[in-house]
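>>> requesting a structural model of the entry that follows:
(one chain, ligands or ions: 1)
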Amino acid sequence: MNEFEDIKALEEEAKKLIESAKESSELDAIDTKFLGRKGELTLQLRKIGSLEPEKRKDFGAAVNAAKNMLAGQLADFKRRFAEKEKELRLKKETLDVTVPGRFYVPGTPHVLMETFDDIKKIFIGLGYEIFDSPEVEEYKYNFAALNYPEEHPAIDEQMSFYIDKEHLLRTHTTAYQHRVMLGRKPPMKVCTTGKCYRVDAVDATHGHTFHQVDCFAIDKGITFSDLKGTLLHFAKSMLGQHVETRFRPDFFPFVEPGAEVAVTCTICGGKGCNVCKGSGWLELGGAGMIHPNILRGAGIDPEVYSGFAFGFGIERIHMLLHNVNDLRMFMDNDLRFLRQR
Ligand SMILES: [Zn+2]
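Sure thing, here's the model as predicted:
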């Protein structure tokens, strides 16, 4: 094989490689292999010195012609590949606006919040101010200032969650009363809602964590009938105009006289059913006239001023309104229940 045939062979080899290339990176490799500074065709030029002088010019021309031909072919293929690759890229990057978006479920307020809000609205409508107070409460506000005798069972560590000797998780929202009374002068009409804690075995009607609404009013000449009127208005606004209230004597350290408040059973309308155990009444909470000791403790003269106070479980009200039959559902975090708001 003579030197011209070598060039031809290299040219054929390169052509075949170019035609079978699948992507532009392969073309780059072919470019380097044949036309690069140390490429196989480029190196052919080194043979010139060893050739007979009359062949040298033709040989050089043949090598350059082969190089030019291959360079042209490579450029042509590279252009075509670039176009094809651009097309593919565009296709891949195209946005399909008909694909459904990802759906994120937003968080919602807890189901009880609706009842919280409804209760607050009623008392705001009656001119009450809404207060917040700490869930970790001082012993003196939770018990001592509320006229609890030292031997009261609720004070026992078995009944309440203590943080240390002086602090505990409040056992009732009533704990805010003394805090509010100390900072103001009558007349006052205030209300709070929030979480309370008691050591209790959990079942369908008991929990260690629950919510209360607690209200009180102090002014000159406030009587038990003001309390009854306020609670009747509340019961009718919250549970329906047909609802009646019932007061029966009861004892709480912070009121005198004290009463247990019940409303007409919302399930049977007072006829008697399983929920009200046949009585036609459902217990809502406690109420009464603020004990003179409490007023005195807050620097309010019980000879001049009087007041009433009452507190209810919010879960109880929510359960009656929405036919929820298990207290545990409020804490279980089951989204099927919570998303019903
Ligand atoms: Zn009933």
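>>> show me the strands in the stretch 151-300 of the chain, by range?
Using DSSP state E, counting those that start in this stretch, the strands of the stretch 151-300 of the chain run over 167-169, 188-197, 209-219, 245-250, 255-264, 281-290.
>>> just checking: what are the partner strands of the fourth one?
Right, the one you point to is strand 245-250. strand 255-264 (antiparallel) (DSSP bridges).
>>> ok, now the second one?
Sheet partners assigned to strand 188-197 using DSSP bridges are listed as strand 129-131 (parallel), strand 209-219 (antiparallel).
>>> if you count neighbours, what's buried in that strand?
188-194, 196-197 (16 or more other C-beta atoms under 10 Å). (Each C-beta comes from the backbone N, C-alpha and C, glycine too.)
>>> list the contacts of it.
116, 119-120, 123, 126-133, 135, 160-161, 169-173, 176, 180-181, 208-219, 314 (C-beta atoms under 8 Å, 6 or more residues apart in numbering).
>>> what do you get for the last one?
Contacts made with strand 281-290 from outside it, assessed by C-beta under 8 Å, 6+ apart, are listed as 177, 212, 216, 218, 224, 227, 231, 235, 246-247, 250, 252, 254-266, 270, 275-276, 306-313, 316-317, 320.
>>> can you state the direction angle for it and strand 255-264?
160 degrees (axes from the mean of the first three to the mean of the last three C-alpha atoms, to 10 degrees).
>>> go through the chain and flag its longest helix.
helix 53-93 (DSSP state H).
>>> following that one, which helix or strand shows up next?
Per DSSP states H and E, the first helix or strand lying C-terminal to helix 53-93 is helix 111-125.
>>> how far off centre is that next one?
21 Å (C-alpha atoms, centre = their mean, to the nearest Å).
>>> surely G60 meets Q44?
No: applying C-beta atoms under 8 Å, one finds G60 not in contact with Q44, separated by 9.4 Å.
>>> distance of the spatially most distant residue from the centre of the chain from T245?
Of all residues in the chain, E54 has its C-alpha farthest from the mean position, at 90.8 Å, by C-alpha atoms, centre = their mean. Distance, E54 to T245, using C-beta to C-beta, to the nearest Å: 128 Å.
>>> can I see the domain layout of the chain?
3-93, 111-338 (automatic domain parsing).
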